[in-house]
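Undergrad: Take this sequence and fold it.
(chains A and B)
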Amino acid sequence: MSTKKYYITTTIPYVNAEPHIGFALEIVQADVLARYHRLLGEDVFHNFGADEHGVKIYRKAQELGNDPQEYCDEYAAKFDALKQTLNLDYDNFIRTTDSKHIAAAQEFWRKCLANGDIYKKNYKIKYCVGCELEKTDSELVDGKCEFHSSLELEIYEEENYFFRFSKYQKPLLEFYEKNPNFVVPEGKYNEIKEFVKRGLDDFSVSRLKKKMPWGVDIPDDPDQVMYVWFDALVNYISALGWPKDEKKFKEFWPGIQTAGKDNLRQQTAIWQAMLLSAGLPNTKQVFIHGFITVNGQKISKSAGTAIAPNEITDKYGTDALRYYLLAKVHPWEDSDFTWQKFNETYNADLANGLGNLIARVAKLAEKVAQFDPSTSSGQAAEQNKFLDEFRFDEAIKIIWERISGLDKQIEKDQPWKLEQDKLEDVLKNYVDAIRKIATGLQPFLPETAEKILKQFAGPKIKSEASLFPRIK
RNA sequence: GCCAGGGUAGCUCAAUGGUAGAGCAGAUUCUUCAUAAGGAUAAGGUUUGUGGGUCCGAAUCCCACCCCUGGCACCA
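TA: Model prediction:
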């Protein structure tokens, strides 16, 4: 029997801003799942990357006087650097400006076209001369531009390609009914079902090249490029080598996707309709996470609430941030970050809890000649159950209950008063317990888990520097 | 406006009909192997947004109202 395959991919961030801790949440959650399945012995493919086309990036590059590609190179590198900052183990960093991805997006387009789902249509756009921008209906206030209410909007017509989204209302609803766990959490599953039930309109999937050239060329049409969403969504399968590497694609697809709640519709409806159109299997499951607020405010660069992951990791280490994101942030509800809460958590759980326990047992263990080097391995079943439900917080809580349990046991035994042979007995139990704790910690805090397992590997165990020095 | 979710101890949350619980913070105390860390104990909610109702009994069900969050498509 071949090894079980597991594919997990995050959404790929749009590279028009620097990474912040809100995005770190998604990629750390995905990283835990990838590591967890690797530890189960599965063959894992973990994808991450950058979404690089579209008008916003084009304009931003223009403002900076840069070539769009140079701009994307610079920003994609910033996201790829999260691999070190957050200690991520992804296998692939896809960029939507890669030639392989572009070819895949074009092939995907051809499939939808061949299936009759892409057609040309005159499209009326509303244009505000004051802003020099197109306006969508949701941006309008009383039918006028919110910033220039004295100006009438101008109506332009342009011919775009449209995707026959409306055709997929029924197939999508059937798919949802057949796969009640397709979207986690349930609330988001209901939300997307309701959205699709209300009816779907076809939407435009191209832009005129003369207005906005920064996109994937449409096959056999020199005048238009793909609308950024259409090409970006294809990354989940182009990352697997589709359409060329058929073997890899068949092995790993369908996979698991993670996305923020702002991405619900794109991932669970639009992308799924596109897959149906192209005749490809739907995503297995989409996990929708919540948002992080900072001091109760939305994360926003202009409001100064954006915290870069390395602001935290440079000072307190990667695992301190990972712990906060996994244990103190609800997997799918919005959660608040404050430095005060971060410091409290760090001291209570990492310095006083885990770090101190390791230090006290290591010190006691120095008095014992040697330990059996055999380690207990394997993840605890109860922990796995929570991970299968994306309850990172509950899963990690189980480890902290063991930490607290061992602290109580030590207090009860009072090993510092014991004779040498009795001391050895109790310490062997402690060392086993620590190894078990560290093993459980592996998907969550990989660096710390590794350090502990090394320190407690035996036969000789020595005390070492604090894992998490207390914050004064 | 419509739809969904939520308002429970200082903070973060748990408990969906049967005497409101946990963690953190704060208090007292014991201990010393440890990063003044760890253990124990007590306290903490005028009884769970407000006002009604059903029931022997409601945080939990029903009605009304107040407040918060999200969604109601082409911004990614």
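
Undergrad: how about the helices in the stretch 351-472 of chain A?
TA: Along the stretch 351-472 of chain A, counting by DSSP state H, counting those that start in this stretch, helices occupy A:356-365, A:381-388, A:392-413, A:420-441, A:446-455.

Undergrad: which helices and strands does the second one pack with?
TA: This means helix A:381-388. helix A:21-39, helix A:392-413 (3 or more CB pairs under 8 Å, 6 or more residues apart in numbering; DSSP states H and E). No exception for glycine: its C-beta is placed from N, CA and C like everyone else's.

Undergrad: To RNA strand B, which of the ones you listed lies closest?
TA: helix A:392-413 (3.6 Å; CB to the nearest atom of the strand).

Undergrad: Could I get the average pLDDT for that closest one?
TA: In this model, helix A:392-413 has a mean pLDDT of 93.

Undergrad: now swap in stretch A:270-285 and tell me
TA: Mean pLDDT, stretch A:270-285: 95.

Undergrad: Which positions in that stretch come out as buried?
TA: The neighbour-count check on stretch A:270-285 (16 or more other CB atoms under 10 Å) flags A:270-278, A:280, A:282-285 as buried.

Undergrad: got it, and stretch A:447-458?
TA: Using 16+ other CB under 10 Å as the test for burial, stretch A:447-458 gives A:448, A:449, A:451, A:452, A:453, A:455, A:456, A:458.

Undergrad: Show the contacting residues for the second one.
TA: Neighbour list for residue A:449: A:438, A:439, A:441, A:442 [criterion: CB atoms under 8 Å, 6 or more residues apart in numbering].

Undergrad: Not counting its neighbours along the chain, what's nearest the first one?
TA: This means residue A:438. residue A:452 (3.9 Å; CB to CB, 6 or more residues apart in numbering).

Undergrad: if I read this right, that neighbour contacts residue A:358, doesn't it?
TA: Yes. Here residue A:452 reaches residue A:358: they are 6.0 Å apart, a contact under CB atoms under 8 Å.

Undergrad: which residues do those two both contact?
TA: A:434, A:467.

Undergrad: for the helices and strands packed on helix A:381-388, which one sits closest to residue A:89?
TA: For these, proximity to residue A:89 was assessed by CB to CB; helix A:21-39 is nearest, at 6.1 Å.

Undergrad: What is the closest one packed up against?
TA: Under the contact criterion of 3+ CB pairs under 8 Å, 6+ apart, helix A:21-39 touches strand A:5-9, strand A:43-50, strand A:256-260, strand A:285-289, strand A:292-294, helix A:309-316, helix A:318-327, helix A:381-388.

Undergrad: List of residues touching the longest one?
TA: When contacts are defined by CB under 8 Å, 6+ apart, helix A:318-327 is touched by residues A:21, A:24-25, A:28-29, A:32, A:85-87, A:309, A:312-313, A:337, A:342, A:345-346, A:349-350, A:392-393, A:396-397, A:400, A:444-448, A:468.

Undergrad: Using PDB, list the CA coordinates for it.
TA: Taking Å, rounded to 0.1, in the frame of the first residue of the first chain, the C-alpha atoms of helix A:318-327 are listed here in PDB:
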ATOM      1  CA  THR A 318       9.600  32.000  16.900                       C
ATOM      2  CA  ASP A 319       7.900  29.600  19.200                       C
ATOM      3  CA  ALA A 320       6.700  32.400  21.500                       C
ATOM      4  CA  LEU A 321       4.700  33.800  18.600                       C
ATOM      5  CA  ARG A 322       3.600  30.400  17.400                       C
ATOM      6  CA  TYR A 323       2.400  29.600  20.900                       C
ATOM      7  CA  TYR A 324       0.300  32.800  21.100                       C
ATOM      8  CA  LEU A 325      -1.200  32.300  17.700                       C
ATOM      9  CA  LEU A 326      -2.100  28.700  18.400                       C
ATOM     10  CA  ALA A 327      -3.100  28.700  22.000                       C
END
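
Undergrad: Quick one: distance of that helix to the chain centre.
TA: Centroid displacement of helix A:318-327 relative to its chain, using CA atoms, centre = their mean, to the nearest Å, is 14 Å.

Undergrad: Does that helix reach RNA strand B?
TA: No. Figure legend: helix A:318-327 not in contact with RNA strand B (CB under 7 Å from any atom of the strand); closest approach 9.6 Å.

Undergrad: and that helix, average pLDDT?
TA: 95.

Undergrad: What angle do strand A:285-289 and that helix make with each other?
TA: 100 degrees (axes from the mean of the first three to the mean of the last three CA atoms, to 10 degrees).

Undergrad: and the end-to-end length of stretch A:197-206?
TA: With CA to CA, to the nearest Å as the measure, stretch A:197-206 spans 26 Å from end to end.

Undergrad: if we can go back for a sec, reformat the helices and strands packed on helix A:21-39 as JSON lines; add distance to residue A:412.
TA: Listed next are the helices and strands packed on helix A:21-39 as JSON lines, based on distance: least, CB to CB, whole Å:
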{"stretch": "strand A:5-9", "distance to residue A:412": "41"}
{"stretch": "strand A:43-50", "distance to residue A:412": "41"}
{"stretch": "strand A:256-260", "distance to residue A:412": "42"}
{"stretch": "strand A:285-289", "distance to residue A:412": "40"}
{"stretch": "strand A:292-294", "distance to residue A:412": "39"}
{"stretch": "helix A:309-316", "distance to residue A:412": "32"}
{"stretch": "helix A:318-327", "distance to residue A:412": "26"}
{"stretch": "helix A:381-388", "distance to residue A:412": "24"}
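
Undergrad: right, and the ones you listed - which one's nearest residue A:232?
TA: Closest to residue A:232 of these, according to CB to CB: strand A:43-50, at 9.5 Å.

Undergrad: centre of the chain versus the closest one, how much separation?
TA: Strand A:43-50 sits 10 Å away from the centroid of its parent chain (CA atoms, centre = their mean).

Undergrad: and that strand, anywhere near RNA strand B?
TA: No. Strand A:43-50 stays clear of RNA strand B (CB under 7 Å from any atom of the strand), getting no nearer than 10.2 Å.

Undergrad: Check stretch A:155-175 too.
TA: Yes. Residues of stretch A:155-175 contacting RNA strand B under CB under 7 Å from any atom of the strand: residue A:165.

Undergrad: Touching that stretch from outside, list them.
TA: A:112, A:116-127, A:182, A:193, A:196-197, A:199-208, A:218, A:224, A:230, A:269-270, A:272-274, A:276-277, A:282.

Undergrad: Also stretch A:331-338?
TA: So stretch A:331-338 is contacted by A:21, A:29, A:184-185, A:188, A:261, A:287-296, A:307, A:324, A:328-329, A:390-393 (CB under 8 Å, 6+ apart).

Undergrad: Between its first and last residues, how far does that stretch reach?
TA: End residues of stretch A:331-338 are separated by 17 Å (CA to CA).

Undergrad: re earlier: list just the nearest of the buried residues of stretch A:270-285 to RNA strand B.
TA: RNA strand B lies nearest to residue A:270 out of the buried residues of stretch A:270-285, by CB to the nearest atom of the strand, at 7.6 Å.
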